[in-house]
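J.: I would like the atomic coordinates for the input below:
(one chain, ligands or ions: 1)
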Amino acid sequence: MVDLATQYQKIKSEVDTAVISVMESTSFIGGEKVKSFRENLERYLQVKHVIPCANGTDALQIAFMALGLEPGDEVIVPAFTYVATAEVIALLRLRPVMVDVDPNDFNIDTSALREAITPRTKAIVPVHLFGQCANMEEIMRIAEEYNLFVVEDNAQAIGSDYYFSDGRKQKAGTIGHIGCTSFFPSKNLGCYGDGGAIFTNDDDLASKLTMIANHGQSKQYYHDLVGVNSRLDAIQAAILDIKLNHLDEYAAARRRAADYYDSRFSGHPHILIPARNNYSTHVFHQYTLRITNGKRDALKEFLSFNQLPCAIYYPLPLYEQKAFRSFIDEVRPLPVTEILCKEVISLPMHTELDPSRQDVVIDKVLEFLN
Ligand SMILES: *Cc1c(COP(=O)(O)O)cnc(C)c1O
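T.: The predicted structure is shown next:
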C-alpha cells in the first residue's frame, strides 16, 4: 500500500545526518530538534501553536482533556472513521454520538450533524477523511450557533488547504478550536516510529494542552492538572523536520497518482472514483473506490490472491464496534455509512507510484469487474 523504502532512499543522506546528530548530541527528549520542527510546522500551517506529542490518538485525548468537559457530555463524530476518533471520547467517559457521512467525500454530513445536537452536546470532531476536508465553514457556523468546541481530526489531511466561500484559505487542522494529527509512518507526514501533534490558535488552550501533555506540569515538579506523558522524541522530530520540506511535493505526487487512477477508472459502470469536494485540496492519504455491484469483497480476495495490495478502510461502522456497545442506547444503522462499509476499497497510494506500477493493479481490478 505504501513504499517507504524508496521514499527513504531519496532523502537518506539528509535523514541519516540528522539522526546521527541527535545521537551525538544525546539530547533525545525535547531540545533543539523538537523546537525547530515545532516552529517550522507552525510556519507551514500558519498556526500560532503546535504542541508535539507521542501519537495521533494521544493528540485527540489531550485535546479532550483540555476542554474541561463533564462525564456524559456528548461529542459528535462521524460513524465512518478510524476508531481512535471515538475511542478517546469513550475513554474519558464522554459520550460519542455517531452521525452519518456524505456519500461523495465520505466526510461528516452537516445536516445529520445538526439533527444530532442535544442540550448535552459539547463538541464536534470533523475527521478530514482520506485527505480532504469536511465542510468546515458550515461546521464552524453550527458550532458558533450552539456554542460547541470543534476538534479537527487531521490525521489524514495534513497539508490540505481549506477554501472559505469568501476566498480565504486556511490549512486543514487550524480552523477549529483544536486540530490533531498523527505522524504514523504511513501518514502523509510520517516519521519512523510514532508521533503526533496538536494545533491551536488559542493561547490559553495552548498552555493547557502543553501542560497536560507533560504531566500537568506548570514548572518543574509543580503539577497543576492531572496530565499524561506524551512526547515526540528528538529523533522523530529531526526526521519530520526534513520530511516537512517535502510535504507539498509529496502531496503533488499523490495527486498525480490519483489523477491517473481516475483516468483509468472513471465511467466504469461498477466503480465510483473518489469525488473531490470544491472547498478543499485533496492530499490523497488514501485513494478509495466504491465498488457498486456488490462484489467488493470478492474483488479484495481476487487482488490478494494475485498478491496485489489493497485495503478496506473501514469495514465496520463505529456503532457496530463491540467496544462502543455500552455507549449507545440503541443501534440505528446509518444508510450511507452502511453502504460505504460494504463498497469501499483503497488501492496503493503513496509518493513513489508511477503509471506503470499502477497499471498492474488497475488491470487486475478491471479484469475482475469486466
Ligand atoms: C491514524 C489516525 C489516528 C491515530 O493516529 P495514531 O498516531 O496512530 O495514534 C486518528 N484518527 C485518524 C482518522 C487516523 O487516520
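J.: around the ligand, pick out the residues from this protein.
T.: Applying C-beta under 6 Å from any ligand atom, one finds that the chain approaches the ligand through 55-57, 81-82, 84-85, 127, 153, 155-156, 182, 184, 194, 196. Yep, even glycine has a C-beta here, placed from its N, CA and C like the rest.
J.: what's the lowest-pLDDT member of these?
T.: Least confident entry in the residues of the chain next to the ligand, by pLDDT: Thr85, with 92.
J.: need the contact list for that one.
T.: Leu60, Val77, Pro78, Val125, Val127, Asp153, Leu318 (C-beta atoms under 8 Å, 6 or more residues apart in numbering).
J.: mind running it again at 6 Å?
T.: Val77, Val125, Val127, Asp153 (C-beta atoms under 6 Å, 6 or more residues apart in numbering).
J.: what pairs with the last one across the strands?
T.: The residues paired with Asp153 through beta bridges, assigned by DSSP bridges, are Val127, Cys180.
J.: tally of neighbours for it?
T.: As a burial measure, Asp153 scores 30 neighbours (other C-beta atoms under 10 Å).
J.: and the helices in this structure?
T.: 4-25, 32-45, 56-66, 84-91, 110-115, 136-146, 203-213, 234-244, 247-265, 296-305, 335-343, 355-369 (DSSP state H).
J.: for the second one, what does the pLDDT average out to?
T.: To tie it back to what came earlier, the one meant is helix 32-45. Mean predicted confidence for helix 32-45 is 98.
J.: buried residues, that helix. List them.
T.: Residues of helix 32-45 classed as buried: Lys33, Val34, Phe37, Arg38, Asn40, Leu41, Glu42, Tyr44, Leu45 (neighbour count, 16 or more other C-beta atoms under 10 Å).
J.: rewinding a little: most neighbours out of the contacts of Thr85, which is it?
T.: Asp153 (30 neighbours).
J.: contacting residues around that residue?
T.: Contacts of Asp153 (C-beta under 6 Å, 6+ apart): Thr85, Val125, Val127, Cys180.
J.: what's the last one in contact with, if anything?
T.: If you count contacts by C-beta under 6 Å, 6+ apart, Cys180 has them with Ala59, Leu60, Ala63, Asp153, Ile198.
J.: is the last one in contact with Ile51, as I believe?
T.: Meaning Ile198. Yes. Counting by C-beta atoms under 6 Å, Ile198 touches Ile51, with 4.4 Å between them.
J.: overlap in contacts, these two.
T.: Joint contacts of Ile198 and Ile51 (C-beta under 6 Å, 6+ apart) are Leu209.
J.: grab the nearest non-local neighbour of the residue of the stretch 1-150 of the chain found nearest the ligand.
T.: Closest residue of the stretch 1-150 of the chain to the ligand, C-beta to the nearest ligand atom: Gly56 (2.5 Å). Counting by C-beta to C-beta, 6 or more residues apart in numbering, Gly56 lies nearest to Ser182, which is 2.5 Å off, once chain neighbours are set aside.
J.: no further questions, thank you.
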